[in-house]
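>>> Dropping a prediction and its sequence here:
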Amino acid sequence: MVCLPLTAAVLPEDRADFLFHHYEGGGVTINGPSIQARKQLGQSVSVSGNYYVDSISSASIDVVTTASPYQEEREEMSLGVDVLHDNVTISSAVSVSEENDFEAKTLHFTISQDMLGDLTTVSLGYSRGWDTVGQTMSDPLDPGGERRIRDPDFNESANRQTYRFGLTQVLTKKLVASLAFDTVTDEGYLNNPYRSVRFLDATNPDGFDWQGELYPRTRTSRAASVRFSYYLPNRAALQGEYRLFNDSWNIEGRNIGLKYVWPLQGGWLVDFGVRRYQQSSASFFVDLMPYASAQSYYGRDKELSAFSNTTLGVGVSYDLKETFWKRIHRGTLNFKYDRISFDYDEFRDLSGDSLPAPGSEPLYSFSANVFQAYLSIWY
Amino acid sequence: MMKMPAMLLLCVFLLGGCSLQPWVKPYERAHLADPIMSFSRDPVSDSYLNHVYQAREMARGAEGGQGGGCGCN
C-alpha cells in the first residue's frame, strides 16, 4: 500500500501472489485461496486483480446455541487500475463479494501525491459500498432435508461510505512514519438476520427464551492510526502501530502492535509480531434482557460485547534467487502463523450441558489458529 | 484529541508550499528503500489478516490497506 519514496512517485511492482489461508477457532473453520496479480501497462498505468474465496464450516458459539451448523462459500473478485502522472497517483478499484445470502459491491477511489522532495506522501480516498442482505430457509420441496434456499420474502440492503486521509512521512534516514484517518458511515439493515438475543422467561424450562436482534439502521465510525518503521543497525526493521476507534454505537476500541523483521543468511527472512486489541461494548449489547424487547435496540453478537484479544505471530520467508522461468526475476515462498486469543467480558457461554442460573454462566473465551502459505513472484 | 495532529498536518502542508529543503537526500535513502522497511511487504497477506480482524472486531478503518466483503455471518 505504501511505497517508500526513494525517488519520485512510482507505480507498484509487477508481481503475482498465490496464497492459501486457513482459520480455525471457536468451532469455525474457514479456508480457501487468494490469488492476486499486478501488471504495468506502458509507463504510467498499472492494473491489478484479486480472486478470493472463504469456504466456511461453522459450528460457532452463536450457531450451536440457537441454530444448526452450516457450510457456505464466499467469493470475492476485485479489479483495480493505478495511473501515475508526475508525482500524483490516481487509483480506482471495484470489488464484488457474493455468498448465498449476501452480496456486496464496492467502488474505491484514491488520489495520492508525493511532495517535499518525495519525503511526504499525502493520500485522499473515498469508497462507496452497496450490500444486499438475504436469508436462507429450509427448502419446502425437501422437508426435513439439509438443503437451504434463499427466502424470497427477505431482502434488505445497506449502503456504506468511507472517507480516508493518509500521510506517510520520511523522518530520518532510518525512520518513516504514517498517519491515517478514516470515517465510515453505514445506513440500512445492519443486523445479522440469523442471530438472537435472550430474555428471562420463567415459563421456559431453561429460564430464558430468544427473540431476533434489532440494531439501529445507521452507524458512523472514526478511526485514527499512527505507524512507524525503523531500520536497525543489524539490517532488521522494527515496526509499530497504534490505532484509536469510536463509533455512534458507543463502541470505543484501540489496538497496539509491534513487529520485528529480521533477514537471515541464505535468503531466509523471519518476522515476529505481537498485537493487542480491546473494545468496549455497544450501547445496545445485552447478554440477557429482563423481558422481551426490554430496550429500543438489542443485540447479543459477541462482537458487540466488551472484549480483548491478543495475537502472537511468526512468519518465515525464503527468497528464490534462481527462479524456474527467465521472465520471473524473483520469487519468495512464505509461511505465516498467528494465534489469536479472545476473552469476552460480557458475552456468556451457553454451550455447556448443565448450566447455572441464567446470567451466571461462565464468560466465553476461545483461541484461533490462522495459517497462511503463499508463493510470490516478481516479473 | 485529534485537533493537535490535524494542526501538525496542516503545518506540514503549509510548509510544503515554502522553500523547505528535503532533509534526507535521495542518496541517503538506501535503508528506507530496503523491502524490510515496507509497511506492507506482502499486500495479499496483509489484506487477508485485516479481513480476519474486521470480521471479529467492531473497530474498522485506518488499517493501512483495503479490506472487503463481510464473510462474517
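That came in fine, so what should we check first?
>>> Next one, pLDDT for residue A:351 please.
Here, the pLDDT recorded for residue A:351 equals 89.
>>> How about the secondary structure of it?
Three-state call for residue A:351 (DSSP: H, G, I helix; E, B strand; the rest coil): coil.
>>> how close does the closest residue to it other than its chain neighbours sit to residue A:70?
Distances taken as CB to CB, 6 or more residues apart in numbering or on different chains place residue A:64 nearest to residue A:351, at 5.6 Å, with adjacent residues excluded. Placement of C-beta: from N, CA and C, glycine included. Counting by CB to CB, to the nearest Å, the gap from residue A:64 to residue A:70 is 11 Å.
>>> Check residue A:147 too.
12 Å.
>>> Who has more neighbours out of the two?
Between residue A:147 and residue A:70, residue A:70 has the larger neighbour count (other CB atoms under 10 Å in any protein chain shown), namely 17 against 9.
>>> Report the contact partners of the more buried one.
Contact analysis of residue A:70 by CB atoms under 8 Å, 6 or more residues apart in numbering or on different chains lists A:56-58, A:63, A:148.
>>> give me that answer again for 10 Å
A:56-60, A:63, A:100, A:136, A:146, A:148, A:194, B:73 (CB atoms under 10 Å, 6 or more residues apart in numbering or on different chains).
>>> Skipping its backbone neighbours, what lies nearest residue A:81 in space?
Closest to residue A:81 by CB to CB, 6+ apart is residue A:47, at 5.2 Å.
>>> Just say helix, strand or coil for that neighbour.
strand.
>>> Could you check the pLDDT of it?
Residue A:47 is given a pLDDT of 98.
>>> do the same with residue A:5
42.
>>> mind checking how far whatever residue of the stretch 151-300 of chain A ends up closest to chain B is from residue A:319?
Residue nearest to chain B within the stretch 151-300 of chain A (CB to the nearest CB): residue A:182, separated by 3.1 Å. Distance, residue A:182 to residue A:319, using CB to CB: 34 Å.
>>> do residue A:11 as well
23 Å.
>>> more crowded one of those two?
residue A:11 (18 against 14).
>>> Quickly note the distance from the closest residue to the more buried one other than its chain neighbours to residue A:83.
Leaving aside its sequence neighbours, residue A:11 sits nearest to residue A:46 (CB to CB, 6+ apart; 4.3 Å). Distance of residue A:46 to residue A:83, computed by CB to CB: 8 Å.
>>> The strand or helix carrying residue A:19: partners in the sheet, and parallel or antiparallel?
Here residue A:19 sits within strand A:15-25, counting by DSSP states H and E. Strands adjacent to strand A:15-25 in the sheet, as given by DSSP bridges, are strand A:28-41 (antiparallel), strand A:363-378 (antiparallel).
>>> starting at the chain centroid, how far to that strand?
Taking the mean of its C-alpha atoms, strand A:15-25 sits 14 Å from the chain's own mean (CA atoms, centre = their mean, to the nearest Å).
>>> again, but for stretch A:229-248
The mean C-alpha position of stretch A:229-248 is separated from the chain mean by 19 Å, CA atoms, centre = their mean.
>>> re the thing from before, who wins for proximity to residue A:172 among the strands paired with strand A:15-25?
Residue A:172 sits nearest to strand A:363-378 of all the strands paired with strand A:15-25, at 28.5 Å, using CB to CB.
>>> Go ahead and confirm the residue nearest to residue A:11 touches residue A:80.
Yes. Residue A:46 is within contact range of residue A:80, at 8.6 Å (criterion: CB atoms under 10 Å).
>>> For these two, list the residues in contact with both.
What both residue A:46 and residue A:80 touch, as defined by CB under 10 Å, 6+ apart, is the set A:12, A:38, A:91.
>>> Which members of these are classed as buried?
A:12, A:38, A:91 (16 or more other CB atoms under 10 Å in any protein chain shown).
>>> Now pLDDT too, for those residues, in CSV please.
Compiled in CSV, these are given as follows (pLDDT from 0 to 100):
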residue, pLDDT
A:12, 93
A:38, 97
A:91, 97
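>>> could you point out where chain B is predicted with low confidence?
B:1-20, B:65-73 (pLDDT under 70).
>>> coming back round to it: just grab the bridge partners of the residue nearest to residue A:81 for me.
With DSSP bridges as the rule, residue A:47 is bridged to residue A:39, residue A:81.
>>> shared neighbours, residue A:46 and residue A:83?
A:11, A:89, A:91.
>>> pretty sure residue A:342 contacts residue A:302?
Yes. With contact defined as CB under 10 Å, residue A:342 counts as touching residue A:302 (8.2 Å).
>>> intersection of neighbour lists for these two?
A:26, A:364, A:366, B:56.
>>> between these, which is closest to residue A:125?
residue B:56 (24.1 Å).
>>> Not including adjacent chain positions, what is the nearest residue to the closest one?
Residue B:56 sits nearest to residue A:303 (CB to CB, 6+ apart), 6.3 Å away.
>>> check contacts around the one you found.
Counting by CB under 10 Å, 6+ apart, residue A:303 has contacts A:62, A:192, A:251, A:279, A:281-282, A:285, A:342, A:344, A:347, B:55-58, B:72.
>>> just the strands in the stretch 201-350 of chain A please.
When assigned using DSSP state E, counting those that start in this stretch, the strands of the stretch 201-350 of chain A occupy the ranges A:208-212, A:218-232, A:236-247, A:252-263, A:268-279, A:288-289, A:307-320, A:330-348.
>>> Remind me what the third one packs against, helices and strands.
This means strand A:236-247. Contacts defined by 3 or more CB pairs under 10 Å, 6 or more residues apart in numbering or on different chains; DSSP states H and E place strand A:236-247 against strand A:175-188, strand A:218-232, strand A:252-263, strand A:268-279.
>>> before we move on, the earlier item: who are the contact partners of the residue nearest to residue A:11?
A:10-14, A:38-40, A:80-84, A:89, A:91.
>>> try it again with 8 Å
Per CB under 8 Å, 6+ apart, neighbours of residue A:46: A:11-12, A:14, A:38-40, A:81-82, A:84.
>>> That's all I had, so thanks and see you.
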